[in-house]
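1. Task: produce atomic coordinates for the following.
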Amino acid sequence: MVGLNFPPEPAGIAPYSGGLVSGLTASGVDVSVITTFPHYPAWSFGDARPPSSAVTTEAGCAVHRLRHRLPARPGGVSRLLSELSFGLHAVFHRWPRHDVLVLVSPALFSSAIALMRARLFSRGTPVVTWVQDIYSLGLRETGSGTGAAERFVAAIERWVLKRSSTVVVIHDRFMETVVEEFGVPASRVTVMRNWTHVEPPEFVDRVGVRASLGWAPDETIVLHAGNIGVKQGLGNVVEAARSVQDRGLPIRFVLLGDGNQRDSLQQQAAGIDSLQFLAPLPDEKFAAALNSADVLLVNEAPGISGMAVPSKLTTYFATGVPVLAASDEGSVTRAEVLAANAGIVVGAGRPTQLVDGVLSLIGDPTARERYGRDARNYRAAHLTAAAAIDRFKSILHVLLPDRFESGSADKTGTN
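-> Next up, the predicted model:
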């Protein structure tokens, strides 16, 4: 597996890459990983600069970490250069022997470089590209690139996907895009849903957890967990918090996580006591915080529709806490929340609707309970790690039929 993100990064793609590797390893598949040092979502290596490379054993497999260039401001050209630096380090690194190559996108451009190496030097090796985000849709929906940039990125994306043996996507809507816009045959595309990677604790001292986080017993806590970036459009939440403070409502919005927009949002939120920023928490405390909130928020910038499926939803659905989504009509997020009957959906970028949505949930305890129950049932039926790992093993069975029996590893050390 070649990918930019891997545990112990707590958010984004890393938990899924790590979870897939752990599940495959436990099944007898011999896996090795080429990745970078932990840096996301803070976009920082931390206080100590890591070495240029290191090899460790993690999740039962060899993890080759290569230091890459971190962007000063993650976006545009600087992010492209960052991905290219990882790709170049990875392509000149000595790869372990492998029967299947798995590329994780993001990062698209480093995946393209790795695919070029694979096609030049090991043409018969199957390549699986695992698509977590669609770059060209991201440029289109966020308005962060010119028409020329969008066409260039789409061309790279199309080249990578059409030359992959199998394309794994995380949602049916992604499959439609890959088939219809990029021309990949449907027979080579597989949907493998992301799963809940943080299990709910057996018991939560809700009173104690809330007190430790500074939440008053009579406050309604609306918690947004995960990356604080452009596509989350969290200026909407700042204005909603300003509104509830002006109205004297006992509601507190909480942004738990990190990202490239955090500093800017904190400046916008100066003087707003109804908005709290929390640094990322370790898994156990993170799960306890989610389970101690009253409403779990997924917020998207206007225009975001099909570029990504928020990974936070898989974790939200496991808590039994109702979900409030601020998302555009026709978005994947809106469809997912409604399919799970996990909560209610309001318009993206509409602070007044956001506050009204919170008040609606507060005022209907029966609905809150129903949303939480239905979300858990949806998660159990569709979003388990076991289902995803079985799906991936079935892909390996097709690509390497002589090495697998009935979709399971044959314990012979398949790579």
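
2. residues near Ser394, how many?
-> Counted with other C-beta atoms under 10 Å, residues neighbouring Ser394 total 16. All C-beta atoms are positioned from the backbone trio N, CA, C, and that covers glycine.

3. Which strand or helix spans it?
-> Using DSSP states H and E, Ser394 falls within helix 385-399.

4. can you give me how far that helix is from the chain middle?
-> Distance of helix 385-399 from the chain centroid (C-alpha atoms, centre = their mean, to the nearest Å) equals 20 Å.

5. which parts of it are buried?
-> 385, 388-389, 392-397, 399 (16 or more other C-beta atoms under 10 Å).

6. For it, name the packing helices and strands.
-> Judged by 3 or more C-beta pairs under 8 Å, 6 or more residues apart in numbering; DSSP states H and E, helix 385-399 is in contact with helix 14-26, strand 166-169, strand 404-405, strand 408-409.

7. swap the cut-off to 10 Å and go again
-> helix 14-26, strand 101-105, strand 127-131, strand 166-169, strand 189-191, strand 404-405, strand 408-409 (3 or more C-beta pairs under 10 Å, 6 or more residues apart in numbering; DSSP states H and E).

8. Any chance of a markdown table for the ones you listed, columns distance to Glu239 and mean neighbour count?
-> Listed next are those as a markdown table, based on distance: least, C-beta to C-beta, whole Å; neighbours: other C-beta atoms under 10 Å:
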| stretch | distance to Glu239 | mean neighbour count |
| --- | --- | --- |
| helix 14-26 | 31 | 21 |
| strand 101-105 | 34 | 25 |
| strand 127-131 | 33 | 24 |
| strand 166-169 | 34 | 24 |
| strand 189-191 | 36 | 17 |
| strand 404-405 | 53 | 16 |
| strand 408-409 | 52 | 18 |
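
9. ok and the helix holding Ser394 relative to helix 14-26, angle-wise?
-> Between helix 385-399 and helix 14-26, the angle comes out at 60 degrees (axes from the mean of the first three to the mean of the last three C-alpha atoms, to 10 degrees).

10. Which parts of the stretch 301-415 of the chain are helices?
-> 312-316, 332-340, 351-362, 365-382, 385-399 (DSSP state H, counting those that start in this stretch).

11. For Ala241, which of those is the nearest?
-> helix 351-362 (8.6 Å; C-beta to C-beta).

12. got the CA positions of the closest one in CSV?
-> Extracted in CSV, the C-alpha atoms of helix 351-362 (Å, rounded to 0.1, in the frame of the first residue of the first chain):
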residue,chain,number,x,y,z
PRO,A,351,-26.6,30.1,10.0
THR,A,352,-30.2,30.8,10.7
GLN,A,353,-31.3,27.4,9.4
LEU,A,354,-28.5,25.8,11.4
VAL,A,355,-29.8,27.4,14.7
ASP,A,356,-33.4,26.5,13.8
GLY,A,357,-32.3,22.9,13.2
VAL,A,358,-30.7,22.7,16.7
LEU,A,359,-33.9,24.1,18.2
SER,A,360,-36.0,21.6,16.3
LEU,A,361,-33.9,18.7,17.7
ILE,A,362,-33.9,20.1,21.2
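
13. Understood, closing this out.
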